[in-house]
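Any chance you could fold what I've pasted below:
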Amino acid sequence: MATTSTVNAESRRERLLAILEADGIIRLEEAAEGLGVSAMTVRRDLADLESDGQLRRVRGGAVPSLRPRSFLERMSTGAAAKLVIAEKALALVPEVGAAAFDASSTVGTLLSRLDGASDLTLATNSWENFQVARHQPGISALLVGGEAEERTDSFVGLLACQAASSLHYAKFFTSSAAADSARGTSEVTLAETQVKLAFAEASDETVLLLDSSKLGQRALARSLDWDRIDALVTELDPGDERLDPYRDLTDVI
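Below you'll find the model as predicted:
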């Protein structure tokens, strides 16, 4: 009997992690119903997964753990939400001039949906995002180099910040590890925030592309205050009440 219980627990946790990868969030009541167990059982499973560093519990469920993750790992999490965000943001990408795109996977999804431009210079500190952009018609892609941050597959450090600041951008497209209405956005490493700040300071406008599971959260290093963010794009309907705390801070799309 003990062996069966252990197998069932392992199976549940695998399914919970699969939900997290697909949706970017685990909703407690939905997960319990889908697994055919009590909410208390799911809470215990989430507690065990959190202790293993595989997720982070929040009110009503769990979200991905706030730790440096590879581009591939981030890209495979919450793919459906990323696609909705990308479709909304497509109309915001300029056809000409210069625009900056950070090393986030949500921005990578946006880049993968672009259908070219007229004459756009595009700068990014992500090798993966650079590879996508360089094959787009009408786009001259620039890779902002510097120190390779192996944990996040991005370029950071002094040289990256200097390169990011060397152009004047019409818009900067960015995501973040977390964001709340009081403290703005935050990241899992200080080095990531420094490059994002450099891009934002060199841009006329900053567009934040954010999976709603990250709203109301805080990560290690403070990044952009709301007065630096001109628009917030999520997968939610703009009228969703979860966006209420942000309506007076920025345009909600």
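
low pLDDT regions in the stretch 51-200 of the chain?
Confidence mapping of the stretch 51-200 of the chain against pLDDT under 70 gives zero matching residues.

The same query, at a cut-off of 90, please.
Across the stretch 51-200 of the chain, the stretches falling below the confidence threshold (pLDDT under 90) are 51-79, 115-118, 153.

Now do the contacts for residue 127.
Residue 127 makes contacts with 143, 153, 155, as judged by CB atoms under 8 Å, 6 or more residues apart in numbering. Yep, even glycine has a C-beta here, placed from its N, CA and C like the rest.

Provide the backbone phi and psi angles at it.
For residue 127, the backbone dihedrals are phi -60, psi -40 (criterion: degrees, to the nearest 10).

Repeat that for residue 144.
phi -80, psi 110.

Hmm, it is touching residue 165, no?
No - counting by CB atoms under 8 Å, residue 165 is not a contact partner of residue 144; they are 9.6 Å apart.

Between these two, which is the more surrounded one?
In this comparison of residue 144 against residue 165, neighbours counted by other CB atoms under 10 Å, the higher total goes to residue 144 at 28 against 15.

And the helices in the protein, which stretches?
Taking DSSP state H as the criterion, the chain carries its helices at 2-23, 28-35, 39-51, 71-75, 79-89, 105-113, 127-133, 158-164, 190-201.

In strands only, show me the contacts of residue 127.
143, 155 (DSSP state E).

now that we have the contacts of residue 127, which one has the most neighbours?
Most neighbours among these, by other CB under 10 Å: residue 155, with 25 neighbours.

before we move on, back to that, ok, and which of the helices of the chain has the densest surroundings?
For the helices of the chain, the largest average neighbour count (mean count of other CB atoms under 10 Å) is found in helix 105-113, namely a mean of 24.

Contacts made by it with the rest, please.
Counting contacts by CB under 8 Å, 6+ apart, the residues outside helix 105-113 that touch it are 71, 74-75, 77, 79, 82-83, 85-87, 89-90, 93, 101, 124, 126, 128-129, 132-133, 136, 173-175, 209-211.

Residue 249: what's its closest spatial neighbour, skipping adjacent residues?
Across the structure, with CB to CB, 6 or more residues apart in numbering as the measure, the residue nearest residue 249 apart from its sequence neighbours is residue 226 (4.1 Å).

was I right about that neighbour contacting residue 247?
No - the pair formed by residue 226 and residue 247 falls short of the contact definition of CB under 8 Å, at 11.2 Å.

between the two, which one's more packed in?
Counting neighbours by other CB under 10 Å for residue 226 and for residue 247 shows that residue 226 has the greater number, 19 against 12.

Angles on the backbone of the spatially closest residue to residue 166 that is not a sequence neighbour, please.
For residue 166, ignoring the flanking residues on the chain, the nearest one in space by CB to CB, 6+ apart is residue 202 at 7.9 Å. Here is the backbone geometry of residue 202 (degrees, to the nearest 10): phi -90, psi 10.

Give me the distance between residue 202 and residue 105.
Using CB to CB, to the nearest Å, we find residue 202 at a distance of 23 Å from residue 105.

got it, and residue 12?
As defined by CB to CB, residue 12 lies at a distance of 27 Å from residue 105.

Check residue 229 too.
Distance, residue 229 to residue 105, using CB to CB: 19 Å.

With residue 198 instead?
Between residue 198 and residue 105 the computed distance is 20 Å (CB to CB).

ditto for residue 42
Applying CB to CB, one obtains 27 Å for the distance of residue 42 from residue 105.

Cheers, nothing more for now.
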